[in-house]
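> here you go, sequence then predicted model.
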Number of protein chains: 2
Amino acid sequence: MDRGDVVDALAQLSWHVQSRIGDAAAAAGVSLSQLRLLGILRDREPEMLELARFLQLDKSSVSGLVGRAEIRGLVERMPLPSDGRRVAVRLTASGRALAAGLESAVEEQLAALIDAMSDRDQVELVQLVTENVPTLPPSRR
Amino acid sequence: MDRGDVVDALAQLSWHVQSRIGDAAAAAGVSLSQLRLLGILRDREPEMLELARFLQLDKSSVSGLVGRAEIRGLVERMPLPSDGRRVAVRLTASGRALAAGLESAVEEQLAALIDAMSDRDQVELVQLVTENVPTLPPSRR
DNA sequence: CCGGTATAGTTTGCGGTACCAACTAATGTA
DNA sequence: TACATTAGTTGGTACCGCAAACTATACCGG
């Protein structure tokens, strides 16, 4: 198998998936970044720096992202009593509802693609990703 | 196989691939959009609307994208003699060189991931993509 | 030939994203 | 108590993408 072809396929696939996810986000009136934020907050209440690590963004970018989400009432900043500098970020009720809706919308957007995969391919995809795609990259920021 | 897990895997994979490609682009001092532009122009000299279709962008977005690339000397606008409104966009020599460098940089960024795939998986990935990911979506713009 | 319409592309204005550098405020430490 | 460190925000810049308005050229019916 020619390496270039595989690179192309990966690039095209990733573009397509991002695009589908972007559609789901747009339909809900949020950006891809906001969607990522909501997704991460579904099972976490991180502080800002932690969030920056998850999102692989500069802390100032996260500040803006959270700020805009807060304005929309999707998210709230909870000052930590133990340390006056720190803040925990968490979903509001409406943010949680939106996140849930987004999850199924994304699933729907990708349904066609997933259905085109054999069961074995699906298993191997999940395996490939869990074994080779770091959830959190080895700290570069 | 739980559908949600496959969705997650696809999302994570696509994010990771985009991120790696973004690294290659950043190392060369261009954005992901610019990289896509250069990639498309490697074997084409399209007009602006054509380019908008390829990139799935509004024509005004393409105007800006090409304009910025032109300022950097990566691309040039060639007015078509047959029609005073139209313009063909093509790579300059330095744009072509940059595009070539980017191609191998991207390949390098994705090498680890690709090496982790069995030959059979590589073949099936390429097949999955060619059969299920439209190169050009059925015209939505 | 001429006036109206269609088409290709640009410009303008807006909101969002992301970065870096500088800043503020709280904490830790010598 | 003075100094350094840390968490987070702010300000400035550049880029991206869209929609709406605009320019200029081409086309077409009479």
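The structure has been received and is ready for your questions. Residues are numbered from 1 along each chain as shown, chains lettered A, B, ... in the order given.
> just the buried positions in the biggest helix by length in chain A, please.
Of all segments of type helix in chain A, defined using DSSP state H, the longest is helix A:3-27. Using 16 or more other C-beta atoms under 10 Å in any protein chain shown as the test for burial, helix A:3-27 gives A:6-18, A:20-21, A:24-25. No exception for glycine: its C-beta is placed from N, CA and C like everyone else's.
> is it up against chain B anywhere?
Yes. Using C-beta under 8 Å from any C-beta of the partner chain, we find that helix A:3-27 touches chain B at A:3-7, A:9-19, A:21.
> filtering the residues you listed by proximity to DNA strand D, which remain?
Among the residues of helix A:3-27 next to chain B, not one lies near DNA strand D by C-beta under 7 Å from any atom of the strand.
> quick one: the strands in chain A?
A:75-79, A:87-91 (DSSP state E).
> contacts for the first one?
The contact list for strand A:75-79, computed with C-beta atoms under 8 Å, 6 or more residues apart in numbering or on different chains, reads A:37-38, A:41, A:45, A:66, A:69-70, A:86-92, A:95.
> farthest-separated two in the residues you listed?
A:38 and A:86 (21.3 Å; C-beta to C-beta).
> so which of the two has more stuff around it?
Counted by other C-beta atoms under 10 Å in any protein chain shown, residue A:38 and residue A:86 do not tie: residue A:38 has more neighbours, with 24 against 14.
> my read is that that one contacts residue A:92, right?
No. Residue A:38 is beyond contact range of residue A:92, at 10.6 Å (criterion: C-beta atoms under 8 Å).
> so for chain A, the centremost residue is which one?
For chain A, the residue nearest the mean C-alpha position is residue A:36 (2.7 Å; C-alpha atoms, centre = their mean).
> for that one, which non-adjacent residue is closest in space?
For residue A:36, ignoring the flanking residues on the chain, the nearest one in space by C-beta to C-beta, 6 or more residues apart in numbering or on different chains is residue A:55 at 6.3 Å.
> and residue A:47, by the same measure?
Per C-beta to C-beta, 6+ apart, closest to residue A:47 is residue A:86, 5.2 Å.
> next one: the one you found from DNA strand C, what distance?
8 Å (C-beta to the nearest atom of the strand, to the nearest Å).
> repeat that for residue A:76.
Taken as C-beta to the nearest atom of the strand, the span from residue A:76 to DNA strand C is 17 Å.
> that residue: neighbour count?
16.
> helices of chain A, residue ranges please.
A:3-27, A:32-41, A:48-55, A:59-71, A:93-115, A:119-132.
> the second one and DNA strand C in contact?
Going back to what we said before, that points to helix A:32-41. Yes. Helix A:32-41 reaches DNA strand C (C-beta under 7 Å from any atom of the strand) through A:32, A:33, A:34.
> hmm, which of these are the buried ones?
A:33, A:34.
> for the residues of helix A:32-41 next to DNA strand C, which one is nearest chain B?
residue A:32 (9.7 Å; C-beta to the nearest C-beta).
> show me the contacts for the closest one.
A:18, A:21, A:22, A:25.
> could you pick out which of the residues you listed are near DNA strand C?
Okay, of the contacts of residue A:32, nothing touches DNA strand C (C-beta under 7 Å from any atom of the strand).
> now for the residues you listed: which two are most distant?
Spatial extent of the contacts of residue A:32 (C-beta to C-beta) is set by the pair A:18 and A:25 at 10.1 Å.
> in this structure residue A:6 contacts residue B:122, no?
Yes. If you go by C-beta under 8 Å, residue A:6 and residue B:122 touch, sitting 5.1 Å apart.
> joint contacts of the two?
residue B:114.
> now do the nearest residue to residue A:123 once chain neighbours are set aside against residue B:13, distance only.
Leaving aside its sequence neighbours, residue A:123 sits nearest to residue B:1 (C-beta to C-beta, 6+ apart; 5.7 Å). From residue B:1 across to residue B:13, the span is 15 Å (C-beta to C-beta, to the nearest Å).
> what's the neighbour count on residue A:105?
18.
> pLDDT value on it, please?
pLDDT, residue A:105: 95.
> I figured it hits residue A:24, correct?
Yes. Using C-beta under 8 Å, residue A:105 is in contact with residue A:24, at 3.9 Å.
> which positions in stretch A:46-64 come out as buried?
A:46, A:47, A:48, A:50, A:51, A:52, A:53, A:54, A:55, A:57, A:62.
> span of that stretch from start to end?
End-to-end distance for stretch A:46-64: 16 Å, by C-alpha to C-alpha, to the nearest Å.
> also stretch A:81-98?
28 Å.
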